[in-house]
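**Student:** Dropping a prediction and its sequence here:
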Amino acid sequence: MSVRLELETLAARAVGTASRAAGRGGGTTLPGKLLWKVDPGAVDALAARLSSGVGLVSATNGKTTTTAMAASILGVQQRLAWNRAGANLLSGIASALVAGKGAELGLFEVDEAALPEAIARTHPRAISLGNLFRDQLDRYGELEILAEKWREAVAALPSAATLVVNGDDPVVADLADGRTNAIRFGLDDHRHARPALQHAADSKYCVRCGTPYEYAAAYVGHLGDYRCPSCGHARPPLDVVAREIELVGLTGSRFRLEAPTGAIQVELRLPGLYNVYNAAAASSLAFALGASPATVRDGLEKFSAAFGRFERIATGTKTIIVLLIKNPAAANEALRTLETGVPPVLVVALNDGIADGQDVSWIWDVDFEPLLPHVGRVIASGSRAAELGLRLAYGGLPEERLEVVPELEQALDRGLELVEAGTDLVVLPTYTAMLALRGILTQRRLVKPYWDGSRR
């Protein structure tokens, strides 16, 4: 069986090499699909070979950035098998295992719906569950459907596996209830709380009795310090907590991270409260896998961005800033971050591909209104540019400050034409629009292909 697995792996690895050489892609899913077809048990066998085991990361928002942060921390001391390109179905995990020759630790982001099978196949040492937000309703269904699948998968975990959960998410935190081997992370800085729970917040009702939660602090969507006034269900005590948070505009953030093994001061080169959550999640997973506080701090401080997630891309005398938006919670936090330095020109690209979700009604739950009076020009692009333009018009954006340019490359060039030298063009794309944008920038030799881990 070992010889057979070696031959299968070599064949799959060759397929990935050929795919990259032919310019057909990065070989991030095809090798895994081939291996899966030939030998469905190969993923289990390859994962079992990893001497340091497997860590999994799943969440609606932030799993790519969280996994990349964890890789920055853990990759210093161990060789990783890591699906760095974001291919997070089983085929992507299989491809990362194929490519990870000599790897000691598997580190995989996992699609929310694929998590139960990923757990069953890889038998992880630790799992980080970041959040559950309403997303791609035409694919996932309502949030409670995913939550129930997660609940069943987590219940089957052996007691030795460490479950890392966001204590600020009522549904996710509840998954660790009663588990002794669990780490709960979250934020504790009421200065950054919203004055009230957002209208588009998802988990508003107690998971035990259905009564609306009361919030002492609401940070991102429904994430925060919650308590049920009826049955008393509340945010659990946090094991890893970010405090003394300072958000430095679009530049980054600073915070104090406290954990049972010690406290560290972190300078993060990513802005926004949601990236503090990502850092807390990555740190907690790293602690579960044996990292020291100093290693965590160093890994976070050298981290810049995952592809398409607050990337800064220079083009001549101007800079393109890319912030992925994929659902109301993600879009609202991106817009909230921009409020500290409203860009003169904003390109928003809305696609309706399978990976985006073909139902784009979620844009009506995005709070564009606080930003629109202050932005100079908004260019609506993508396959659903017309619907996006209508949403912005209803949000109060004057007609003379709105342009609808469905073709993404034309929208990009129009945006670059409008911004002055030395300034930034901010682009907010949905997932497939982000991939298309990076394809354009790759053709212009401004960035490496997203599956290439080297920096430009």
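**Tutor:** Received, thanks.

**Student:** if I look at the nearest residue to Arg256 once chain neighbours are set aside, how far off is Tyr277?
**Tutor:** Nearest residue to Arg256 in three dimensions, chain neighbours excluded: Glu244, at 4.4 Å (CB to CB, 6 or more residues apart in numbering). Where C-beta positions appear, they are placed from N, C-alpha and C, glycine not excepted. The gap separating Glu244 from Tyr277 is 15 Å, by CB to CB, to the nearest Å.

**Student:** Comparing those two, which shows the higher neighbour count?
**Tutor:** The neighbour comparison of Glu244 against Tyr277 (other CB atoms under 10 Å) goes to Tyr277, with 28 against 13.

**Student:** Thought Ser128 was touching that one, still the case?
**Tutor:** No: using CB atoms under 8 Å, Tyr277 makes no contact with Ser128, being 11.3 Å away.

**Student:** quick one, phi/psi of Arg309?
**Tutor:** Here is the backbone geometry of Arg309 (degrees, to the nearest 10): phi -120, psi 90.

**Student:** how about it, what does it touch?
**Tutor:** Arg309 makes contact with Thr64, Thr65, Val322, Leu323, Leu324 under the criterion CB atoms under 8 Å, 6 or more residues apart in numbering.

**Student:** from memory Leu115 sits against Glu152, does it?
**Tutor:** No: under the criterion of CB under 8 Å, Leu115 is not in contact with Glu152, lying 10.4 Å apart.

**Student:** more neighbours, those two?
**Tutor:** Between Leu115 and Glu152, counting by other CB under 10 Å, Leu115 is the more crowded of the two (22 against 10).

**Student:** Quick check: buried residues in stretch 161-180?
**Tutor:** Buried residues in stretch 161-180, counted by 16 or more other CB atoms under 10 Å: 161-176, 179.

**Student:** which residues of the protein score low on pLDDT?
**Tutor:** For the chain, applying pLDDT under 70 flags the ranges 1, 3-39, 135-141, 200, 450-456.

**Student:** Any idea which residue is closest to the centre of it?
**Tutor:** In the chain, the centroid-proximal residue (CA atoms, centre = their mean) is Gly62; its distance is 2.1 Å.

**Student:** Which strand or helix spans the residue lying closest to that one once chain neighbours are set aside?
**Tutor:** Spatially, and ignoring its direct neighbours in sequence, Gly62 is nearest to Asn278 (4.5 Å; CB to CB, 6+ apart). In the assignment (DSSP states H and E), Asn278 maps to helix 273-288.

**Student:** Thr66 too?
**Tutor:** Residue-wise, Thr66 maps onto helix 63-74 under DSSP H and E.

**Student:** Which SSE is immediately downstream of that helix?
**Tutor:** Using DSSP H and E, the helix or strand that directly follows helix 63-74 along the chain is strand 80-82.

**Student:** Which neighbouring elements make contact with that next one?
**Tutor:** Strand 80-82 sits against helix 63-74, helix 90-99, strand 105-109, with contacts defined as 3 or more CB pairs under 8 Å, 6 or more residues apart in numbering; DSSP states H and E.

**Student:** Rebuild the ones you listed as CSV, extending it with distance to Leu416.
**Tutor:** What follows is the helices and strands packed on strand 80-82, written out as CSV (distance: least, CB to CB, whole Å):
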stretch, distance to Leu416
helix 63-74, 26
helix 90-99, 33
strand 105-109, 31
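
**Student:** Can you say which of those is nearest to Leu390?
**Tutor:** Nearest to Leu390 among the helices and strands packed on strand 80-82 is helix 63-74 (30.0 Å), distances taken as CB to CB.

**Student:** The closest one to strand 105-109, inter-axis angle?
**Tutor:** Put simply, helix 63-74 runs at 160 degrees to strand 105-109, going by axes from the mean of the first three to the mean of the last three CA atoms, to 10 degrees.

**Student:** Need the CA coordinates for stretch 146-159. CSV is fine.
**Tutor:** C-alpha atoms of stretch 146-159 as CSV (Å, rounded to 0.1, in the frame of the first residue of the first chain):
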residue,chain,number,x,y,z
LEU,A,146,-24.2,24.7,8.9
ALA,A,147,-24.2,25.1,12.6
GLU,A,148,-25.9,21.8,13.1
LYS,A,149,-23.4,20.1,10.7
TRP,A,150,-20.5,21.6,12.7
ARG,A,151,-22.1,20.5,15.9
GLU,A,152,-22.3,16.9,14.8
ALA,A,153,-18.7,16.9,13.5
VAL,A,154,-17.3,18.4,16.7
ALA,A,155,-19.3,16.0,18.9
ALA,A,156,-17.4,13.1,17.1
LEU,A,157,-14.0,14.6,17.9
PRO,A,158,-11.7,12.6,20.2
SER,A,159,-11.1,14.2,23.6
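
**Student:** Hmm, the residue nearest to the centre of the chain is touching Leu132, no?
**Tutor:** No: applying CB under 8 Å, one finds Gly62 not in contact with Leu132, separated by 11.6 Å.

**Student:** Check what contacts stretch 290-297 and list those residues.
**Tutor:** The contact list for stretch 290-297, computed with CB under 8 Å, 6+ apart, reads 73-74, 76-77, 257, 259, 261-266, 283, 286-287, 299.

**Student:** Off-centre distance for it?
**Tutor:** Centre-to-centre, stretch 290-297 and its host chain are 21 Å apart (CA atoms, centre = their mean, to the nearest Å).

**Student:** Name the surrounding residues that touch stretch 390-404.
**Tutor:** Under CB under 8 Å, 6+ apart, the answer for stretch 390-404 is 348, 363-364, 366, 368-369, 372-373, 375-381, 385-386, 388-389, 414.

**Student:** one more time with 7 Å, if that's ok
**Tutor:** Under the criterion CB atoms under 7 Å, 6 or more residues apart in numbering, residues 363-364, 368-369, 372, 376-380, 385-386, 389, 414 lie in contact with stretch 390-404.

**Student:** That one: end-to-end distance?
**Tutor:** Taking CA to CA, to the nearest Å, stretch 390-404 runs 10 Å from one end to the other.

**Student:** residues of that stretch that come out buried?
**Tutor:** Within stretch 390-404, the residues scored as buried using 16+ other CB under 10 Å are Leu390, Arg391, Leu392, Gly395, Leu397, Leu402, Glu403, Val404.

**Student:** can you check stretch 364-374 too?
**Tutor:** Buried, per 16+ other CB under 10 Å, within stretch 364-374: Asp365, Val366, Asp367, Phe368, Leu371, Leu372.

**Student:** Show me the domain layout of the protein.
**Tutor:** The chain breaks down into these domains under automatic domain parsing: 32-302, 309-443.

**Student:** what's near enough to touch Glu267?
**Tutor:** Gly252, Arg254, Glu301.

**Student:** quick one, phi/psi of it?
**Tutor:** phi -110, psi 110.
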